[in-house]
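Chemist: sequence first, then the predicted structure, then my questions.
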Amino acid sequence: MIKLLSLELYKIFKRPRTFISFGLVTAIALVIQLAMTAGGKDFLSFGMQGITEQFDVNGNILNGYLVAYLILQSLLIHIPLLIALVAGDTLAGEANMGTLRLVLTRPVSRSELVLVKFMASIIYSLLLIIWLAAVALLLSIVLFGTGDMINMKSETFILLLKNDIPWRYFAAFGFASLAMSSIVSLAMFLSAFAENAIGPIVATMGIVVVLTILSNLELPLFNLIKPYLFTTHMIGWKGFFDDPVPYAAITRSAGVLLSYTAGLLLATILYFNKKDIQS
Amino acid sequence: MSAILEARGLTKKFGERVAVNDLNLTINRGQVYGLLGQNGAGKSTLIRMLLGLIFPDQGEVYINGSHFTPRNRRLLAHVGAIIERPDLYNYLSGWDNLRIFAALSKQNIPTARLHEVLEMVGLAGREKDKVKTYSLGMKQRLGIAVALIHDPELLILDEPTNGLDPQGIAEIRKLIQMLSMQQGKTILLSSHLLYEVEQMATHMLILHKGRKITEGAVKELIDPDETIVEIDMLHNAAAPAMLATSEWKQHVTAATPAQITFRVNNRQVPAINEYLVKNGVQVTRIHAKHSLENYFLTLTND
Amino acid sequence: MIRKKLTTLLALLALATAAQAQTADELFATVRTKVLQVKDYVADVNMKIDVAFMQVPMLKGKLYYKAPDKMKLERNGGISILPRKNINMTLSNLIPTGKVTVIDMGNTTLKDKKLRLLKVVPDEDNNGIVLTKMWLDEKELLVTHTETTTFNDGTVIMDLDYKNYNKYGLPDKVKIFMDLKEYKLPKGVTMDYNDVLEKTDKDKTAKKQKGTIEIKYLNYTINKGIPDAIFAAAKKGSE
């Protein structure tokens, strides 16, 4: 299993397309950091109008912690698309390449194969999240320093103390990894049905985009289904920047995401075990 | 001789189309078994069922005497295969491909074995190059190396010479002979070309529209003397009935007032002609063909 | 016009109560002198902001004050938050300077303490103050409660506890109650988590909100002189 996993990772990281995502994450982070260097003060004073009308807020507001949060806010909803690029490719890509039929004439079981590919995709997304942490958080800290962090929600203004922040990022990245595992499962599930990789990649992206829109629409009809959409729960990492942290909601979100992950993985294994390989 | 691979009553439908119909076959150790059939005859579906890629609607596969099921996939350790095109990880080196499939074999395969199979298929020295730089013949040979990596008893090669140039075909043919003669591998190969099967196989099975047409030793099936003879004649309504009671009746395969077809030994053709002439049949043309080729061609002409 | 009439009326009332032990005017003047003797101070403070739409932890820092109206919270590089109308943050800003009319409201009891209640109306514009009600501890000459009505910022109420700095009239603890406007950002911008799931305890906040700020003064360094530059930085940052 370990050997298969390491070879699966080798296969993933030998492909140039794998590094597209790392490049994109870096580029977006750098663009936001650059924009913040140039116009961050204006952006902040605009966002903080509601507060500064009544309060004087002083100090190093535009610090690395805040910039990292802004990067995550705009980037984390796009990371699923990058993960789909690899996870959607796992089964369908091999079917398309013609290697799947050879792989499946080996004594390894189909379930094991799906699990190995699932774990490899999870590791890939973890590495992507770690990379994101490096460029979004560490680089922002290098560029902007640390400090107390303000967090502007739609109805609340939150101030977090400097020493109270690192663990929140740690937890947020952990939660984001969990959210991404549900994307891995979804992409693999779609991948099991397809004979080329474009379909499941595009389908995963489409589902994520549409459901994200539904999750953010303020319509009564959608409010009924929102608690069941994984996209509603994927932004649960933000909960760690609340004060107090809404642990009950985060736990519930984590539960929903885990259920999606496990359910889709199981469905993938069940379907793939029955599938006639004709590619 | 013991059966290394056996299929019993394999049937597979895709929707309404029956791809393979109630097929039985037995491959014994040491055979080079040719699976002959035109494109679409069901060869690939059959091979995929033998390897557990496609699940039969009915019937069973036995590998080394054990029932092969999804729970029993370790039996695949006895088998190595190439299916259709030699598709491998093009963006990786030949060596990486071997490593990956060695790991998938779930056996401890020493590095020396990788070198050994590379040597065997004549790719030693090119293993560090990416597969996408290989010629089709090299890819096919790498495919065979991949199939051989875990030293299986049975090699299944689906259309191994398809798309190759004459030199590539000759190389593969030599390789298959070597594997059979020197390595003692049992080989199942499929082809849509009779002469290819004739040249390489010891046993063969002809598949047509998912059904087995005939099966046996190539030597017996392709008797060099056996001939299909078509005799054209001026219209003679009595001739079919006459032949049906004659000494030739077991050789007649078809008879109309205009044409009679016999399956006979080459040397008997003059005697038939003599008999017909004696009995007032006015022969206009005698046309003799190699029996199996003719037979196979009639299938192809459908 | 109205103010003039009011002033006259109040002045009459003041005359009527002048018979008290110490006149309201005298008392107010004494207290004001006492409070205004503090020209500047630096104090270590713990500040707790309690506003419905703000989640801010207790802020520890140094509070710089310089008469008449300069104030800054220094948090050693951290972010500091002070009400924009920090005129209200110290007693000296809530006590009108210049000519005032003081009305004695007599003795009253607040939190089990016997106190003297004065109403002070500035005769001319003074920091936007319309009326200040002061609850005074006559013996210690300390203001323990004020209610100040301003033109623009509604009513500000302040509770003051004293212990160690009675001499300067500086409190150990101040609690300020103020009116605030609601704060809201469009949801599409913030993409909040939780809104769907935890709607119940969030909404139903009125347009006008009450907020309190509690400041604990741990120590004071009084009248040692503070350069204006310290406040300049603060002003710059807030713009």
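Modeler: In hand now; what should we look at?

Chemist: for the closest residue to residue B:239 other than its chain neighbours, what are its contacts?
Modeler: Leaving aside its chain neighbours, residue B:239 sits nearest to residue B:281 (5.4 Å; criterion: Cβ to Cβ, 6 or more residues apart in numbering or on different chains). Using the backbone N, CA and C atoms, a C-beta is placed for each residue, glycine as well. Shown in contact with residue B:281 (Cβ atoms under 8 Å, 6 or more residues apart in numbering or on different chains): B:233, B:236, B:239.

Chemist: for the chain, what spans make up the helices?
Modeler: Here I'm looking at chain A. Secondary structure of chain A (DSSP state H): helices at A:2-13, A:16-47, A:49-52, A:64-75, A:79-87, A:90-97, A:99-103, A:110-132, A:139-144, A:166-193, A:198-216, A:220-225, A:230-234, A:247-274.

Chemist: I was thinking of chain B, sorry if that wasn't clear
Modeler: For chain B, the helices defined by DSSP H cover B:43-50, B:94-104, B:111-120, B:136-148, B:166-181, B:194-200, B:218-221, B:239-244, B:269-278, B:291-300.

Chemist: can you list those helices in CSV and add mean pLDDT?
Modeler: Converted to CSV, those look like this (pLDDT from 0 to 100):
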stretch, mean pLDDT
helix B:43-50, 94
helix B:94-104, 94
helix B:111-120, 94
helix B:136-148, 92
helix B:166-181, 91
helix B:194-200, 86
helix B:218-221, 78
helix B:239-244, 87
helix B:269-278, 88
helix B:291-300, 66
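
Chemist: please identify the most buried of the ones you listed.
Modeler: helix B:43-50 (a mean of 25; mean count of other Cβ atoms under 10 Å in any protein chain shown).

Chemist: can you give me the pLDDT of the residue lying farthest from the centre of chain A?
Modeler: No residue in chain A sits farther from the centre than residue A:54, which is 36.6 Å out by Cα atoms, centre = their mean. Per-residue pLDDT puts residue A:54 at 81.

Chemist: what is the neighbour count of residue 34?
Modeler: Let's take chain A. Residue A:34: 12 surrounding residues under other Cβ atoms under 10 Å in any protein chain shown.

Chemist: not what I meant, chain C
Modeler: Neighbourhood size, residue C:34 [other Cβ under 10 Å]: 19.

Chemist: cool, residue A:28 as well?
Modeler: Neighbours of residue A:28 using other Cβ under 10 Å come to 17.

Chemist: next, the contact list for it, please.
Modeler: A:71, A:74, A:75, A:78.

Chemist: was I right to think the residue farthest from the centre of chain A contacts residue C:54?
Modeler: No: if you go by Cβ atoms under 8 Å, residue A:54 and residue C:54 don't touch, sitting 9.8 Å apart.

Chemist: in PDB, list the C-alpha atoms belonging to the top strand by length along chain C.
Modeler: Identified as the longest strand of chain C according to DSSP state E is strand C:208-222. Listed next in PDB are the C-alpha coordinates belonging to strand C:208-222 (Å, rounded to 0.1, in the frame of the first residue of the first chain):
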ATOM      1  CA  LYS C 208     -29.600  52.300  17.700                       C
ATOM      2  CA  GLN C 209     -27.400  50.300  19.900                       C
ATOM      3  CA  LYS C 210     -26.000  50.800  23.300                       C
ATOM      4  CA  GLY C 211     -22.400  50.100  24.000                       C
ATOM      5  CA  THR C 212     -20.300  50.100  27.100                       C
ATOM      6  CA  ILE C 213     -16.600  50.600  27.600                       C
ATOM      7  CA  GLU C 214     -14.900  49.800  30.800                       C
ATOM      8  CA  ILE C 215     -11.500  51.000  31.600                       C
ATOM      9  CA  LYS C 216      -9.500  49.800  34.600                       C
ATOM     10  CA  TYR C 217      -6.600  52.100  35.500                       C
ATOM     11  CA  LEU C 218      -3.800  50.100  37.100                       C
ATOM     12  CA  ASN C 219      -1.500  53.100  37.800                       C
ATOM     13  CA  TYR C 220      -1.100  56.700  36.800                       C
ATOM     14  CA  THR C 221       2.000  58.800  36.100                       C
ATOM     15  CA  ILE C 222       0.600  62.300  36.500                       C
END
